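**Student:** Sequence and predicted structure, then a few things I'm wondering about:
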Amino acid sequence: MLTAEDKKLIQQTWAKLGGAEEEIGAEALWRMFHSYPPTKTYFPHFDLSQGSDQIRGHGKKVVAALTNAIKNMDNLSQALSELSNLHAYNLRVDPPRFSLQFLSQCLQVTLATRLGKDYSPEVHSAVDKFMSAVASVLAEKYR
Amino acid sequence: MVHWSAEEKQLIAGIWGRVSVEECGAEALARWVQLQTCPSPARGHWGSFHLSASLPRLLIVYPWTQRFFASFGNLSSPTAIIGNPKVRAHGKKVLTSFGEAIKNLDNLKGTYSKLSELHCEKLHVDPENFRLLGDILVIVLAAHFTKDFTPACQATWQKLVGVVAHALARKYH
């Protein structure tokens, strides 16, 4: 459960990224495709070469969705409702992968490489919990 | 048997070599041997970025893992966990064991055979926790090495922690 302190840490951390959102999204995706090749199976229609426009574009979308979620942490279900429908009925990403663990891990590695020691245990914990909460909402309608 | 490319071995050795030196530093090494701990109060936050702080971080980020360390004393807050001497000592043990794995990449099953039995029969640790610790170790490395922890580095280390977790789970019954 996200505490008030967790929410504050997440907002502060996200604010530190100032403007680099697109790069961070693209890098997180690239890391995910590189460390967990099976995740590529969901993007057969993409050019998955490093720096591709499609990876950049999709990274930007993912980060925008997370930014929106962070602005609405008290009501994630509603904020992510459309995306939840999309992932359940349309995209149907396999739920275990979809516990977003791979994307969460790679996003956190991307954040950690930028924040260094500022990616403290407390920040790490808050972000991990947040990503879990997002994943739960996105998987809500699977069945 | 897991296959490691020359590039992967290089990415592992390269990172680990820098970790081993930075862990203690030449001058601190003697004190470490004496005090059985890696001191560096001057480095401030360094404490949480010490690689063996992966274990305390596991206990903070996934609090249910504290169930395995009930006898370790005060685990009531992140500060208490990070400062807890038993946790630190155990963190070092885990790290040392990891170092052994890196020296024996071609025989991880053999290297971890006894430890696997121990974690199953005596410690009763759910192997899922090895995966969690592995992921935390990767994040700690990322925070420590920042941009040097490239996607290629991460991919190699995710593979390594995955293989170690697998080897540790292998003797479960």
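**Tutor:** Okay, I see it.

**Student:** For the residue of chain A found nearest chain B, which residues are in contact?
**Tutor:** Per C-beta to the nearest C-beta, A:Ala112 is where chain A lies closest to chain B, at 3.9 Å. Bear in mind the C-beta positions are built from the backbone N, C-alpha and C, glycine included. By C-beta atoms under 8 Å, 6 or more residues apart in numbering or on different chains, the contact set of A:Ala112 is A:Tyr119, A:His124, B:Ile139, B:Val140, B:Ala142, B:Ala143, B:Thr146, B:Phe149.

**Student:** Would you mind listing the buried residues in the helix or strand containing B:Lys86?
**Tutor:** Assigned by DSSP states H and E, B:Lys86 falls within helix B:85-103. Of the residues in helix B:85-103, those with enough neighbours to count as buried (16 or more other C-beta atoms under 10 Å in any protein chain shown) are B:Val87, B:Arg88, B:His90, B:Gly91, B:Lys92, B:Val94, B:Leu95, B:Phe98, B:Ala101, B:Ile102.

**Student:** Can you give me every residue that contacts the first one?
**Tutor:** Right, the one you point to is B:Val87. By C-beta under 8 Å, 6+ apart, B:Val87 lies in contact with B:Leu55, B:Pro56, B:Leu59, B:Phe69, B:Phe72, B:Leu75, B:Ile81.

**Student:** nearest residue to the first one other than its sequence neighbours?
**Tutor:** When the adjacent residues along the chain are set aside, B:Leu55 lies closest to B:Gly91, with 3.7 Å between them (C-beta to C-beta, 6 or more residues apart in numbering or on different chains).

**Student:** Isn't the one you found up against B:Leu58?
**Tutor:** No. Using C-beta atoms under 8 Å, B:Gly91 makes no contact with B:Leu58, being 9.1 Å away.

**Student:** any weak-confidence spans in chain A?
**Tutor:** A:95-99 (pLDDT under 70).

**Student:** Please list the residues of it that sit near chain B.
**Tutor:** When proximity is defined by C-beta under 8 Å from any C-beta of the partner chain, chain A lies next to chain B at A:27, A:30-31, A:34-36, A:105-106, A:108-110, A:112-117, A:119-122, A:124-125, A:128.

**Student:** what about 6 Å?
**Tutor:** Residues of chain A lying near chain B by C-beta under 6 Å from any C-beta of the partner chain: A:30-31, A:34-35, A:105, A:108-109, A:112-113, A:116-117, A:119, A:121-122, A:124-125, A:128.

**Student:** Pull out the buried members of the residues you listed.
**Tutor:** Buried members of these, counted by 16+ other C-beta under 10 Å: A:30-31, A:34-35, A:105, A:108-109, A:112-113, A:119, A:121-122, A:124-125, A:128.

**Student:** So which residues of chain B form helices?
**Tutor:** B:6-35, B:46-49, B:54-61, B:78-83, B:85-103, B:108-121, B:128-145, B:151-169 (DSSP state H).

**Student:** quick one: average confidence on the longest one?
**Tutor:** Summarised as a single mean, pLDDT over helix B:6-35 is 67.

**Student:** ok, now stretch B:126-142?
**Tutor:** Stretch B:126-142 comes out at a mean pLDDT of 93.

**Student:** ditto for stretch B:78-94
**Tutor:** Mean predicted lDDT for stretch B:78-94 stands at 90.

**Student:** okay, that stretch in PDB with CA atoms only?
**Tutor:** Coordinates of the C-alpha atoms in stretch B:78-94 are reproduced here as PDB (Å, rounded to 0.1, in the frame of the first residue of the first chain):
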ATOM      1  CA  PRO B  78      15.400   1.300   7.100                       C
ATOM      2  CA  THR B  79      18.000   3.000   9.300                       C
ATOM      3  CA  ALA B  80      17.900   0.100  11.800                       C
ATOM      4  CA  ILE B  81      18.200  -2.500   9.100                       C
ATOM      5  CA  ILE B  82      21.100  -0.800   7.300                       C
ATOM      6  CA  GLY B  83      22.900  -0.300  10.700                       C
ATOM      7  CA  ASN B  84      22.200  -3.800  12.000                       C
ATOM      8  CA  PRO B  85      25.600  -5.500  12.300                       C
ATOM      9  CA  LYS B  86      24.200  -9.100  11.800                       C
ATOM     10  CA  VAL B  87      22.500  -8.000   8.600                       C
ATOM     11  CA  ARG B  88      25.700  -6.300   7.400                       C
ATOM     12  CA  ALA B  89      27.700  -9.400   8.200                       C
ATOM     13  CA  HIS B  90      25.300 -11.600   6.400                       C
ATOM     14  CA  GLY B  91      25.300  -9.300   3.500                       C
ATOM     15  CA  LYS B  92      29.100  -9.700   3.200                       C
ATOM     16  CA  LYS B  93      28.700 -13.500   3.300                       C
ATOM     17  CA  VAL B  94      26.300 -13.300   0.400                       C
END
